[in-house]
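Asks: Got a predicted structure plus its sequence, pasted below:
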Amino acid sequence: MNPVSTIAGKAYPFGLKNVDTDVIIPAAWLKTISRSGLGKGAFEALRKEPGNLFDSVEYAGSPILIAGDNFGCGSSREHAAWALADMGIQAVIAPSFSDIFSGNAFKNGLLTVVLPQEAIDRLMEVAQTDPIHIDLENQVVTTPFQDRFTFEIDAFRKHCLLNGLDEIGLTLASSSAISAYESKLNTEKPWLVPQMI
């Protein structure tokens with residue numbers, strides 16, 4: 001997982017409420033275990049509409065998505081986070097998220113920022129013309145117009161995102177302690193250690 005510190009650039013001014021994971025990535029795309037290529041299926045139903053936001057040249061490659069309340073509700077599908085990341089989205093800002101989506105996003109290095117609706121409305125307005133900046137270290141979202149919105153984030157999640165640590169990375173960070181424990185176990189309780197035949 002890549003470390004996340006600051007994310008800046010254009011933002012998709014999406015804003016829809018109650019967008020479920022089937023809208024983010026339809027079930028037909030769930031037949032793969034590969035993370036690459038899912039961006040093509042992201043928001044597939046919405047992309048069928050002419051002039052849709054996600055195929056707009058103006059917003060192509062935007063690293064931020066501004067969404068409405070209850071983003072990521074519905075079924076638990078990690079593919080939703082994979083699809084957003086494959087589109088190049090690194091952060092989603094919304095008034096609230098489904099707990100399952102928020103957890104899947106975090107485990108895949110996608111920052112979810114919770115801000116009140118008034119802040120979302122302002123960011124939607126700014127995103128029409130100007131970039132947005134997210135500073136995870138200082139937990140603040142800013143605009144070129146001196147808007148400044150602070151956000152809360154779980155300290156453990158913040159630590160993991162800043163250091164690029166997924167569950168495997170966290171385990172590897174303790175490799176010295178694990179090796180020391182296994183050596184001690186070999187010496188003190190050899191009957192617990194599997195024997196090679």
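Replies: Yep, it's here. Numbering: from 1, shown residues only.

Asks: Off-centre distance for stretch 85-98?
Replies: Averaging C-alpha positions (C-alpha atoms, centre = their mean, to the nearest Å) puts stretch 85-98 5 Å from its chain's average.

Asks: Okay, buried residues for that stretch please.
Replies: By neighbour count with 16 or more other C-beta atoms under 10 Å, stretch 85-98 contains the buried residues 85-87, 89-98. C-betas here are computed from N, CA, C, even on glycine.

Asks: Okay, and which of those map to strands?
Replies: Taking DSSP state E as the definition of strands, these contribute A91, V92, I93, A94.

Asks: Closest to N186 out of those?
Replies: Nearest to N186, judged by C-beta to C-beta, of those is A91 at 45.5 Å.

Asks: In the beta-sheet assignment, what are the partners of the closest one?
Replies: Counting by DSSP bridges, A91 forms beta bridges with I64, L111.

Asks: Am I right that it is in contact with T6?
Replies: No: contact status for A91 versus T6: not in contact, 10.0 Å apart, counting by C-beta atoms under 8 Å.

Asks: any idea which helix is longest in the chain?
Replies: If you go by DSSP state H, the chain has its longest helix at helix 175-188.

Asks: And the helices in this protein?
Replies: Here the chain has its helices, by DSSP H, at 21-24, 44-47, 79-87, 99-107, 117-127, 155-163, 167-173, 175-188.

Asks: For G61, find the nearest of those.
Replies: Smallest distance to G61 across the helices of the chain (C-beta to C-beta): 8.5 Å, for helix 79-87.

Asks: quick one: the closest one to chain centroid distance?
Replies: Centroid separation between helix 79-87 and its chain, computed with C-alpha atoms, centre = their mean, is 8 Å.

Asks: With stretch 166-180 instead?
Replies: Chain-centre distance of stretch 166-180: 23 Å, with C-alpha atoms, centre = their mean.

Asks: Next: stretch 63-73.
Replies: The chain centroid and the centroid of stretch 63-73 are separated by 10 Å, computed with C-alpha atoms, centre = their mean.

Asks: quick one: average confidence on that stretch?
Replies: The average pLDDT for stretch 63-73 rounds to 98.

Asks: same question, stretch 42-49
Replies: For stretch 42-49, the mean per-residue pLDDT is 96.

Asks: Could you list the buried residues of it?
Replies: For stretch 42-49, burial by neighbour count (16+ other C-beta under 10 Å) applies to A42, F43, E44, L46.

Asks: Wait, the last one touches D55, no?
Replies: When you say that, I think you mean L46. No: contact between L46 and D55 fails when scored by C-beta under 8 Å: they sit 9.3 Å apart.
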